[in-house]
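>>> here is the input, now give the coordinates:
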Amino acid sequence: MIFDQPIEDRDRDLNPYCTPTQPFVMNDLPSIDSLISDPSPEQKHALEVLLDCGQAHLFSSWSEAGKDQLEKSAFFEQVSALNAQYPGGLSQYCSNAKKLLADSKEGANPYEGFTPKVPLGQTLTPGDETFRAMENLGLENVSKLGFVLVAGGLGERLGYSGIKIALPLETTTGQSFIQHYIATILAYQDRARKITGNTSVTLPLAIMTSGDTHELTVELLAKNSNFGMADGQITIMKQEKVPSLINNQAHFAQPEGQPYSVETKPHGHGDVHVLLHGTGTARRWKEDLGIEHIVFFQDTNGLVFNAILPALGVSVKEGFEMNSITVPRRAGEAAGGIVRLEKNEERNLTINVEYNQLDPLLKDTVNPEGDVADETGFSPFPGNINVLLFALAPYIENLEASGGMIPEFVNPKYADESKESFKKPTRLECMMQDYPRLLGPDAKVGFTTYPREWCFSAVKNNISDAAKKSEAGLPPESGASGEMDIYAVNRQKLEVIGAKIEKANPVEIAGVKVTPGPKIVIAPGYALTFDELATKLGSLEISSSSTLVITEKAGAIGALNLNGRLSVHSSSVSSPVTFQNSGDQLIPLGPESSEELAIRGFAIQITEEDQL
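Take a look at the predicted model:
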């Protein structure tokens, strides 16, 4: 096609690439009238934005004006949306991309000049005196806590076609992840109202969705009446994508055979900060609800709420602006570590450093052996699990100063040694845990660490991948292990308060090694702390093949001997009770079963159950 007179006085790259390997030379730049008939002001502006960013190559395969009008209109709508959603617009995106791509090409070290040190933090042992003190302090302050769930992914990696938060947390009761999360928040809310005497206390929940999960999330919540939350208590924020890039000039990619579209990719979960700022949610929570802290958590970690109250207590006690909930990390483990980086009095920060950067950094600075274990047997730098707790007032100030933007990074896969173009399109990314990069040197940032089995059991791997990890001695992070870890942590809670629990022998389920029993489920509303649990349960003896379900409205149990399956709903029992029945058992399943069961490789078949 032939373009009209070029637009003058603009700094543009006139040698863009249509693909990563094939250059396209355009001597003239397109005018809007050469592209589309009767253009609107919005379309004119979208074209100017693209040309200012050096994206003239996007029009190299366009038909002449008057043809493909609908497709062209859709293209300009897409560009306008991409421009509006990114702070500073596409011009800023391209500017950021060119700088980061140049740094990547040169191999710039983001930690140049920094010295790593062990950060400030608190290690907690579930059930001991310090843990209970922090747990109770957290409960005293829970009336001022907001919750942010990052839930932008589908379950494809698991072999599940739906949204992950709809998956069963465990199949003894069938409750889903989102149902469990909301039930726990409502239990916190109930205690907060009793502690404060204020029946209007509302604990808000924000959910970040993506284009893949947004409609399904809205539908799931509507179908289940928000699982008990009030209208307006949940804020759903949809994350958008950013343009893919094909070379160091930050030229946008196009899907193959689709000249009227810009290829886009996820920008990363750091966008949650942009959304909390841009929607006004963070400020509204502070001003309207009196929220003072907010906690960020992931979509399929069913153990996460075991860590939140004590971590809140630590944040209050220590005055942390940011508190990362962490787990012990093996030296060299492929997981990010929380590190304090010191450069000078004006540039110090505590932040997650990825494992492939941490070991070289340590070798270059403080220890030629790199990331090695200390006297605990673990690395001194605790493992990041992306559960973050923020003090809200300074968080809002930092969001307003930055527009919510977290410093980005880029990770191109180069096509050759010239490092000029890429094997496949890349994009800028951001991570929510990089928030400390926005903070000044006086900000107090730390961590709270727990045993991994207490607070972290992700469900993300299909059975085949989980079996390989299990064989290698690594956490399987599957449907089966995630469910069994729920039962295990509840066994631990009961043991801490004096229960006698007979553990089952480990077994393999579809190649994943787990301990199948006894299966213990305790509703969040029944007891939120060890002290609450101890006041409600007395002497318990539970056999390895048993299943115990304690519902929210269950009463106190003075003494119980269980060998079978029992559900406790309302009765309080002071005298000793014994239940013995044939209970339930795990039935192995193949891939032909429902997705919810196939991803874990078993179903629970009930033979007999008692009620109390």
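>>> going forward, measure contacts and count neighbours with C-alpha atoms only.
Noted.
>>> where exactly do the helices run in the stretch 51-200 of the chain?
For the stretch 51-200 of the chain, applying DSSP state H, counting those that start in this stretch gives helices covering 69-85, 89-106, 129-140, 177-196.
>>> which of the ones you listed sits closest to S421?
Among the helices of the stretch 51-200 of the chain, the nearest to S421 by C-alpha to C-alpha is helix 89-106 (10.3 Å).
>>> let me see the mean pLDDT of that closest one.
Summarised as a single mean, pLDDT over helix 89-106 is 95.
>>> how about stretch 412-422?
Computed over stretch 412-422, the average pLDDT equals 90.
>>> I325 bridge partners, please.
Taking DSSP bridges, one obtains V387, T448 as the residues bridged to I325.
>>> which stretch among the helices of the stretch 51-200 of the chain comes nearest V327?
Nearest of the helices of the stretch 51-200 of the chain to V327, taken as C-alpha to C-alpha: helix 129-140 at 15.0 Å.
>>> helices or strands up against that closest one?
Packed against helix 129-140 by the contact rule (3 or more C-alpha pairs under 8 Å, 6 or more residues apart in numbering; DSSP states H and E) you find helix 177-196, helix 305-318.
>>> domain ranges for this structure, per the record?
1-85, 106-452, 463-611 (automatic domain parsing).
>>> for those domains, which one sits closest to K99?
Nearest of the domains of the chain to K99, taken as C-alpha to C-alpha: domain 106-452 at 9.1 Å.
>>> span of that closest one from start to end?
Using C-alpha to C-alpha, to the nearest Å, the end-to-end distance of domain 106-452 comes to 38 Å.
>>> so what's the gap between it and the chain middle?
In terms of C-alpha atoms, centre = their mean, to the nearest Å, the centre of domain 106-452 is set 6 Å apart from its chain centre.
>>> extract the residue ranges of the stretch 501-612 of the chain that are flagged as low pLDDT.
The stretch 501-612 of the chain contains no residues with pLDDT under 70.
>>> can you give me the strands in it?
With strands called from DSSP state E, counting those that start in this stretch, the stretch 501-612 of the chain shows them at 507-509, 512-514, 519-522, 537-542, 547-550, 557-563, 565-568, 577-580, 584-588, 602-606, 610-611.
>>> pick the most deeply packed of the ones you listed.
Each of the strands of the stretch 501-612 of the chain was scored by mean neighbour count; the highest is strand 519-522, a mean of 24, by mean count of other C-alpha atoms under 10 Å.
>>> circling back to that earlier point, rebuild the helices and strands packed on helix 129-140 as a markdown table, extending it with distance to H569, mean pLDDT and mean neighbour count.
Shown next, in a markdown table, are the helices and strands packed on helix 129-140 (distance: least, C-alpha to C-alpha, whole Å; pLDDT from 0 to 100; neighbours: other C-alpha atoms under 10 Å):
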| stretch | distance to H569 | mean pLDDT | mean neighbour count |
| --- | --- | --- | --- |
| helix 177-196 | 16 | 98 | 20 |
| helix 305-318 | 22 | 98 | 22 |
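>>> do you know which of those lies nearest T213?
Among these, the nearest to T213 by C-alpha to C-alpha is helix 177-196 (13.3 Å).
>>> who's in contact with that closest one?
139-143, 164-169, 198-203, 227-229, 299-300, 302, 305, 524-525, 528 (C-alpha atoms under 8 Å, 6 or more residues apart in numbering).
>>> with stretch 39-53 instead?
10-12, 29, 32-33, 56, 73, 76-77, 79-80, 90-91, 94.
>>> tell me the buried residues in the worst-scoring helix or strand of the chain on mean pLDDT?
Lowest on mean pLDDT, DSSP states H and E among the helices and strands of the chain sits strand 347-353, with a mean of 88. For strand 347-353, the buried set under the neighbour-count rule, 16 or more other C-alpha atoms under 10 Å, comprises N348, L349, T350, I351, N352, V353.
>>> the first one and W62, how far apart?
If I follow you right, that is N348. 51 Å.
>>> ok so, going back, tabulate the domains of the chain (CSV), appending distance to L100.
Below are these laid out as CSV (distance: least, C-alpha to C-alpha, whole Å):
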stretch, distance to L100
domain 1-85, 16
domain 106-452, 6
domain 463-611, 33
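>>> just the strands in the stretch 351-500 of the chain please.
Under DSSP E, counting those that start in this stretch, the stretch 351-500 of the chain gives strands at 383-391, 409-410, 421-426, 428-429, 445-449, 500-501.
>>> so for this protein, the centremost residue is which one?
Note on the chain: the residue nearest the mean C-alpha position is Q298, at 3.3 Å, using C-alpha atoms, centre = their mean.
>>> tell me the confidence at that residue?
With respect to pLDDT, Q298 has a value of 93.
>>> show me the helices in the stretch 451-600 of the chain, by range?
Using DSSP H, counting those that start in this stretch, the helices of the stretch 451-600 of the chain run over 452-455, 463-471, 479-496, 530-536, 595-598.
>>> list the buried ones in the longest one?
The one in question is helix 479-496. The neighbour-count check on helix 479-496 (16+ other C-alpha under 10 Å) flags 479-494, 496 as buried.
>>> hmm, who's touching it?
Residues contacting helix 479-496 (C-alpha under 8 Å, 6+ apart): 127, 169-171, 301-303, 453-454, 457-463, 501, 509, 512-522, 530, 599-602.
>>> cool, and the first one?
With C-alpha under 8 Å, 6+ apart as the contact definition, helix 452-455 has outside contacts at P126, N301, L303, V304, F305, N306, A307, V327, P328, D485, V489.
>>> with N248 as the reference, name the closest of the strands of the stretch 501-612 of the chain.
Ranking the strands of the stretch 501-612 of the chain by distance to N248, with C-alpha to C-alpha as the measure, places strand 512-514 first at 43.9 Å.
>>> quick one: contacts of the closest one?
I463, A466, A467, S470, E471, P476, A480, S481, M484, P506, V507, E508.
>>> kindly report the same for stretch 72-91.
With contact meaning C-alpha under 8 Å, 6+ apart, stretch 72-91 is reached by 36, 42-43, 46-47, 49-50, 52-53, 93, 240-243, 260-262, 403, 405.
>>> list only buried entries from the residues you listed.
By neighbour count, with 16+ other C-alpha under 10 Å, the contacts of stretch 72-91 hold 36, 43, 46-47, 49-50, 52-53, 93, 240-243, 260-262, 403, 405 as buried.
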